[in-house]
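Engineer: give me the fold of what follows.
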Amino acid sequence: MSQQFQHQIRQNKILSILPEPLVAGMNLELVELSAGQVLADVGQDLQHVYFPLTSIVAWMKMLENGNTIGVAMLGRQGMVSLFAMLTGRHNRNFKAVVQIGGHALRAPLQTAHRVVQSDTCCGNSQLMRYADMRMATVAQNSLCMRNHTLEQQLSRFFLGTLDLIEGQDFSVTHDWIAHWLGVRREAVSLAAKRLMDTGAIAYSRGRITVVDRPALEQLSCECYKALKTEEDKCYASLLVHLRESTSALTPRPSDFESRSASDRPPCAGPLCA
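Structural biologist: The predicted structure follows:
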């Protein structure tokens, strides 16, 4: 595994905490995604699973009246699509569309599914723990949209996007935000104007700049902090679990070195390395 490839893997949080043999077996390749690109439409099958590096991909739910609403926003902390990789089956009720263009690593879906199912270390359990966290995120999103103001939801959207990129600004249109939040574009424009008046953000020609992040966090609802805490706890737990599992599979030098030469197995020498 080249140093460049290892660096790319470390850019994605879920890849960085999966066992190395599992990652190596996926046949990952680097691809560039463009803003607005549809990875899978409603009724279509995903051909690949994606691990964003500098891009952000959104899962959108299409409503009967033609409107959309955001379900999950995935960047360098996750993957698209976990469900398909774990089960080998597709969820055709959602649309996967690139929110912010950039790079991602991708693997053929069937290859990734086969590797995960044959994993003998801890990769499968790691992904199931991650799935539990993603489900909690979806539930929190639903709660937020029903109970908090549009300014609070918009603040959380900006903070969540900022967590997935480098820097303090990013491109996004009011139309996209309206589709994500399931509201009218005019409502988004008014809410954004009120946030701009506080000095927390600046908006010009489709580009959002977070001027005062602490102020924006104050304007957001408690959902942002709850989701961030849940994610941090999940990743910390996954990392500990990986280390413990890897350690359990690796013989301790002291166990081997304490044996006498006559007790060592025939292949214990350098020729077996």
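Engineer: can you map out the strands along the stretch 101-250 of the chain?
Structural biologist: With DSSP state E, counting those that start in this stretch, the ranges of strands along the stretch 101-250 of the chain come out as 102-108, 169-171, 201-204, 207-210.
Engineer: let me have the ones you listed in TSV, extended by mean neighbour count.
Structural biologist: C-beta here means a position set from N, CA and C on the backbone, and glycine is covered the same way. What follows is the strands of the stretch 101-250 of the chain, written out as TSV (neighbours: other Cβ atoms under 10 Å):
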stretch	mean neighbour count
strand 102-108	21
strand 169-171	16
strand 201-204	16
strand 207-210	17
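Engineer: the ones you listed: which one's closest to L227?
Structural biologist: Smallest distance to L227 across these (Cβ to Cβ): 17.4 Å, for strand 207-210.
Engineer: just checking, what packs against that closest one?
Structural biologist: helix 150-162, strand 169-171, strand 201-204 (3 or more Cβ pairs under 8 Å, 6 or more residues apart in numbering; DSSP states H and E).
Engineer: for that strand, what is the distance to the chain centroid?
Structural biologist: Here the centre of strand 207-210 is set off from its chain's centre by 22 Å, with Cα atoms, centre = their mean, to the nearest Å.
Engineer: surely V38 and A96 touch.
Structural biologist: Yes - at 7.1 Å, V38 counts as touching A96 under the criterion of Cβ atoms under 8 Å.
Engineer: what about these two, which has more around it?
Structural biologist: A96 (23 against 12; other Cβ atoms under 10 Å).
Engineer: adding mean pLDDT and distance to G43, write the strands of the stretch 101-250 of the chain out as TSV.
Structural biologist: Shown next, in TSV, are these (pLDDT from 0 to 100; distance: least, Cβ to Cβ, whole Å):
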stretch	mean pLDDT	distance to G43
strand 102-108	95	21
strand 169-171	91	29
strand 201-204	92	35
strand 207-210	94	32
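Engineer: need the ones you listed in CSV with distance to K13, can you?
Structural biologist: As requested, these are exported to CSV (distance: least, Cβ to Cβ, whole Å):
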stretch, distance to K13
strand 102-108, 12
strand 169-171, 19
strand 201-204, 26
strand 207-210, 21
